[in-house]
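1. Kindly return the folded structure for what I paste below:
(2 chains)
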Number of protein chains: 2
Amino acid sequence: MTRVVVTVMPRQGVLDPQGQAVRGALGRLGFSGIHDVRLGRRIELELDGPDPLGTAREMCERLLANALIEDFTVAIED
Amino acid sequence: MTRVVVTVMPRQGVLDPQGQAVRGALGRLGFSGIHDVRLGRRIELELDGPDPLGTAREMCERLLANALIEDFTVAIED
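-> Sure, this is the predicted structure:
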């Protein structure tokens, strides 16, 4: 069994309304010095099989990420 | 300016309905050998100030994470 960590983030240059909403909320709480906030997903998968990284990539392409507006990375975690 | 990466995940032992929904959807797409799926958030912050890690921790406690059901980590990324 392999633990694969998938990270899905908004593409550079794509508007990130969730990140902007968080940035605004942090400002209203009194936090300052915030240059940017980007909000994405972290998905931890525990997979069987011979090629967990390839499987995770296919899962991203088919379900976990929206390639139009998001980038993803996959990595094996010890 | 420092880039801080915040990871927020459901606590061990807490039900993760989003992760279970993703697991079900992957199964319906034909993926097998999935032992577990856990779904959380990755938040990338670009912060000014003398203590970006401490600031990020305070942001988690006040807004970014729900301590009842979620754990968070903060790390500086190069």
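2. Name the SS class of A:I76, please.
-> In three-state terms, and counting by DSSP: H, G, I helix; E, B strand; the rest coil, A:I76 is strand.
3. With A:A67 instead?
-> What three-state DSSP gives for A:A67 is coil.
4. now A:R62
-> The three-state label given to A:R62 by three-state DSSP is helix.
5. Show the pLDDT at the nearest residue to it once chain neighbours are set aside.
-> Of all residues not flanking A:R62 in the chain, B:L29 sits nearest, at 5.9 Å (Cβ to Cβ, 6 or more residues apart in numbering or on different chains). No exception for glycine: its C-beta is placed from N, CA and C like everyone else's. On pLDDT, B:L29 comes in at 98.
6. Could you give the number of residues near B:L29?
-> By other Cβ atoms under 10 Å in any protein chain shown, 11 other residues sit near B:L29.
7. Put the alpha carbons of the helix or strand A:G19 falls within into CSV.
-> Element membership for A:G19 (DSSP states H and E) is helix A:17-28. Provided in CSV are the C-alpha atoms of helix A:17-28 (Å, rounded to 0.1, in the frame of the first residue of the first chain):
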residue,chain,number,x,y,z
PRO,A,17,-11.9,33.9,-5.9
GLN,A,18,-11.7,31.6,-2.8
GLY,A,19,-8.1,32.8,-2.1
GLN,A,20,-9.2,36.4,-2.5
ALA,A,21,-12.2,35.8,-0.1
VAL,A,22,-9.8,34.3,2.5
ARG,A,23,-7.4,37.3,2.0
GLY,A,24,-10.3,39.7,2.6
ALA,A,25,-11.4,37.9,5.7
LEU,A,26,-7.9,37.8,7.1
GLY,A,27,-7.6,41.6,6.5
ARG,A,28,-10.9,42.1,8.3
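8. Check which helices and strands the helix or strand just after it is in contact with.
-> Per DSSP H and E, helix A:17-28 leads on to strand A:34-47 as the next helix or strand towards the C-terminus. Here strand A:34-47 touches strand A:2-10, helix A:17-28, helix A:52-59, strand B:2-10, strand B:34-47, going by 3 or more Cβ pairs under 8 Å, 6 or more residues apart in numbering or on different chains; DSSP states H and E.
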